[in-house]
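Novice: here is a sequence with its predicted model. Questions after.
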Amino acid sequence: MSMGEIEEFQNKHKVDLDSCNEDSFVVESGFGNVIVVDNLPVVAADKYDKLVRVTKKIFGITEENCLWMPVDPETKISLGYSELAIQRNNKKRLDSSHILAVNSFDDIDRFMKLSADEWASPEIKPYTPWENLQQWLTDVKARDQFVVRAGNDTEIFWNDPMQSGPDPVYHRTSWSDSFVQWSSYGTYLATLNTQGVDVWGGAGTFGHLSSCAHAQVELIDFSPGEKYLVTYSSHEPSSPRETHRVVLNIFDVKTGKVMRVFEGSADEFATGGISGFSWPFFRWVGGKDDKYFARIGKNVISVYETKNFTLIDKKSLRVENVLDFSGHLLIPSLLSSLVQIPGKEELRKKNLFGVIDCKMYWQGNGEYLAVNYTKTRKSTCASFELFRIKERDIPIEVLELENKNDKIIAFAWEPKGHRFAIIHGDSPRVDVSFYSMRTATNTGRVSKLTTLQGNNAASALHWSPCGRFVVVSRLNGQLEFYDVDELQTMATAEHFMATNIEWDPTGRYVATFVTSVHEMENGFNIWITFIIFSWRPRLPSFLPAGKEEEISKNLDKFSKKYESQDQDAAAQLHEKGRQNREMLQEEWDSWIKNWKQLHEEEKLEMQQLLINGEASDDEAAAYEAELVEVEELLDVKEEADVPWEFDQE
């Protein structure tokens, strides 16, 4: 850009900004608020207007004359750059061939006036190695970490069963304005504030890694492979002419760079069906590779690739009356389709009738999928369609409950297995049924294992991450620990008013806690300042499924070498407990000794205050006791005279 073009823009800039609507555009003095966007496509005159419209849409420009895009005066071809009044982002991908480069107008003006003699090469900072972000997984005791946020404090602990309490790792006050959240595999910890999201990592230091700027952020979601972070904010209209806006950003976790912005009215982000907006908004496809993500729209499913954050094949998948989708599966109201991504090849479809909504439940390994349909707005059907995803032609099997009028309260797959559980019936007297996708003679048929009848107020199912064990929770805080292998209850417990139940990643421990507000029968509200409890997730096992089953069956043999360590740890814990009891006993004996000494001192002082200063061993002699009787009239009642004859009747 030449100096003449800069002067031309300065003159043009003053006129154009005056014509902008004051409600939608705020002008500051000088050119610090003006940006220059380079690397726009070079287009001919017939495509100039279209390029202006696209650029204005990207940068949220709605008023006329707020954008100036210069062209060659002779050829009328755009010069490939534009100056915008509102800065949006830098290095935004416009298409597969053009990535926008955004710079401050003042910086460009300053650099153009900079002489060669003033330039100096930037200083290269020495490389400083960063802490291994997976170091916490190498803990010699194989312990897990968890984070607790209560009040204004956030604390991270080791869960050490061989100690009397958790082992503190890190503590910080005012670390977050709302909540904190682990990434998918526990590598990062995100904290939220009014300006956006900060990402931290490490085993004990939790150093700052990156910042993702998003004002008034409300919700966040990490991609499965931890490469990207999705942020959400909702903005109420400030004037009658505006609408309720929703903003979603996708950031690169390591750099904090925004990769894609989705912005529009709240209606544009409704996810279909009867549920409205749901979170997480984007569904990631492709597992931990984070290659694709998708969103639902009106009669469309839009699938994007993270290579360039654009639509696959530059168009959305048209699906009439789409209600919901999950992973590879798309569910419209009259057709159920299984679509392969990224090729968009339809693998399986089935006609549906009278369906207004549905719920989909994926098994942890993606081997099975259960779908439950809603045909009225009051209840769901007491039947499921079960898809065997990894079998040839993806066979579908229909499971109908014995009582077709039962309401579905909860459904949950065994994370890595072939079993699932359903809570069904009319609350509070409901049943809990367990099923398997295999039978003893046929691995391709679903079979019922057992039903726990009359399970009072059962409301949720919590499978162990390793399978086999499940916790059935009730609304009154009662818990039932059930062994699905043995089909028997192991234990029952109670945590009054508990609202959350979380298994640790290894399936060895269960945490129950209260995070909400409860209204008591006496009308008082108890405000719980305990906000967050979250186990730190682990990376998935690298062992094949067969090897994990082998280790599980021969656990006693593999665990022998750790028994001596456990015995030593138990002995140390016992010794620590003994020392603690001795310390408490010594404190008690010291308190008793001091109390007796104080009592003797007070006794001596009292003796000196006796009559005539005479000492006496009998403290009662210094006092006289007198018994006084007092009569008190409790009540006086007047009654009218009643004739004797009437009284006899």
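Specialist: Structure received. Residues are numbered from 1 along each chain as shown.
Novice: and residue 561, how many neighbours does it have?
Specialist: Residue 561 is flanked by 8 other residues according to other CB atoms under 10 Å. Placement of C-beta: from N, CA and C, glycine included.
Novice: so where is the stretch 251-400 of the chain shaky, pLDDT-wise?
Specialist: Applying pLDDT under 70 to the stretch 251-400 of the chain picks out residues 271-276, 320-357, 375-381.
Novice: the strands in it, which residues?
Specialist: The residue ranges that make up the strands of the stretch 251-400 of the chain, judged by DSSP state E, counting those that start in this stretch, are 258-265, 283-285, 292-297, 300-305, 310-311, 317-318, 322-326, 329-332, 335-340, 345-351, 357-362, 368-374, 383-388, 396-400.
Novice: show me what the fourth one is packed against.
Specialist: Same thing as strand 300-305. Counting by 3 or more CB pairs under 8 Å, 6 or more residues apart in numbering; DSSP states H and E, the packing neighbours recorded for strand 300-305 are strand 292-297, strand 310-311, strand 317-318, strand 322-326.
Novice: please redo it, this time with the cut-off set to 10 Å
Specialist: Taking 3 or more CB pairs under 10 Å, 6 or more residues apart in numbering; DSSP states H and E as the contact definition, the neighbouring helices and strands of strand 300-305 are strand 258-265, strand 283-285, strand 292-297, strand 310-311, strand 317-318, strand 322-326, strand 335-340.
Novice: can you pull up the most central residue in the chain?
Specialist: In the chain, the C-alpha closest to the average C-alpha coordinate belongs to residue 181, at a distance of 6.0 Å (CA atoms, centre = their mean).
Novice: surely that one and residue 217 touch.
Specialist: No - counting by CB atoms under 10 Å, residue 181 sits too far from residue 217 to count as a contact (11.5 Å).
Novice: and residue 562, helix, strand or coil?
Specialist: Residue 562 carries the three-state label helix when classified by DSSP: H, G, I helix; E, B strand; the rest coil.
Novice: give me the distance between it and residue 183.
Specialist: Plainly put, residue 562 is 30 Å away from residue 183 if you go by CB to CB, to the nearest Å.
Novice: between those two, which one's more packed in?
Specialist: In terms of neighbours (other CB under 10 Å), residue 183 is the more surrounded of residue 562 and residue 183; the figures are 24 against 11.
Novice: contact partners for the more buried one?
Specialist: Neighbour list for residue 183: 133, 189-190, 199, 201, 220-227, 229, 253, 536-537 [criterion: CB atoms under 10 Å, 6 or more residues apart in numbering].
Novice: likewise residue 428?
Specialist: Remark: with contacts taken as CB under 10 Å, 6+ apart, residue 428 is in contact with 454, 455, 456, 457, 458, 459, 474, 475, 476.
Novice: go with 8 Å
Specialist: For residue 428, the residues meeting the contact criterion (CB atoms under 8 Å, 6 or more residues apart in numbering) are 456, 457, 475.
Novice: so which of those are in strands?
Specialist: Using DSSP state E, the subset of the contacts of residue 428 located in strands is residue 456.
Novice: could you dump the contacts of residue 428 into JSON lines and include pLDDT and neighbour count?
Specialist: As requested, the contacts of residue 428 are exported to JSON lines (pLDDT from 0 to 100; neighbours: other CB atoms under 10 Å):
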{"residue": "456", "pLDDT": "74", "neighbour count": "12"}
{"residue": "457", "pLDDT": "81", "neighbour count": "14"}
{"residue": "475", "pLDDT": "80", "neighbour count": "13"}
